[in-house]
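> Predicted structure and sequence below. I'll ask about it afterward.
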Amino acid sequence: QVQLVESGGGLVQAGGSLKLSCTASGSTFSDYVLGWFRQAPGKEREFVARISWSGTTISYKDSVRGRFTISRDNTKNTMYLQMRDLRPEDSAIYYCVAGTTWELRDSDYWGQGTQVTVSS
């Protein structure tokens, strides 16, 4: 079992930055692939970024590549999402997820989410 808690969301103007954190407890952090997903009102949840167990392999949604940076610190049981040049379309609830395979699934461990709102 893994418990995940997101933090760092908030309200920011377009072009601004935010850094999200996801802190885990309950299991060995480095055993898990980690990722960020988001869900905007009236839309399906979508993949944003994920990072491998050691942090050496990373993938991003095309629209965030170059603006968002995912990272993890296994010594602190924490994953981060640095978001820059934010756009109104980035507004959503952001969820962190931990899974044992690269293909993160609905059945993996999910946090409760943190709200990100980008004003134009």
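Ah, there it is.

> From now on I want contacts and neighbour counts done on CA atoms only, so please keep to that.
Fine.

> Report the separation between the residue sitting nearest the centre point of the chain and S120.
Geometric centre of the chain, nearest residue: W36, 2.6 Å, by Cα atoms, centre = their mean. From W36 across to S120, the span is 23 Å (Cα to Cα, to the nearest Å).

> same check, this time on E89
Going from E89 to S120 by Cα to Cα gives 10 Å.

> Repeat that for M83.
Going from M83 to S120 by Cα to Cα gives 16 Å.

> Settle it for me: which of the two has more neighbours?
Taking other Cα atoms under 10 Å, M83 and S120 do not tie; M83 has more neighbours (19 against 11).

> contacting residues around the closest residue to S119 other than its chain neighbours?
Of all residues not flanking S119 in the chain, Q13 sits nearest, at 4.8 Å (Cα to Cα, 6 or more residues apart in numbering). Applying Cα atoms under 8 Å, 6 or more residues apart in numbering to Q13 gives the contacts 86, 118-120.

> Now, of those residues, which are buried?
Buried members of the contacts of Q13, scored by 16 or more other Cα atoms under 10 Å, are 86, 118-119.

> Tell me the one among those nearest to F29.
F29 has its nearest neighbour among the buried ones among the contacts of Q13 in L86, at 28.7 Å by Cα to Cα.

> Could you look up the SS state of that closest one?
Classification of L86 by DSSP: H, G, I helix; E, B strand; the rest coil places it in coil.

> and stretch 63-77, how far from the chain's centre?
8 Å (Cα atoms, centre = their mean, to the nearest Å).

> first to last residue in it, what's the distance?
Distance across stretch 63-77, first residue to last, is 27 Å (Cα to Cα).

> got it, and stretch 36-43?
End-to-end for stretch 36-43, by Cα to Cα: 16 Å.

> got the contact list for the residue lying closest to S120 once chain neighbours are set aside?
Sequence neighbours aside, A14 is the residue nearest to S120 in space, at 5.3 Å (criterion: Cα to Cα, 6+ apart). Taking Cα under 8 Å, 6+ apart, we find A14 in contact with 85-88, 118-120.
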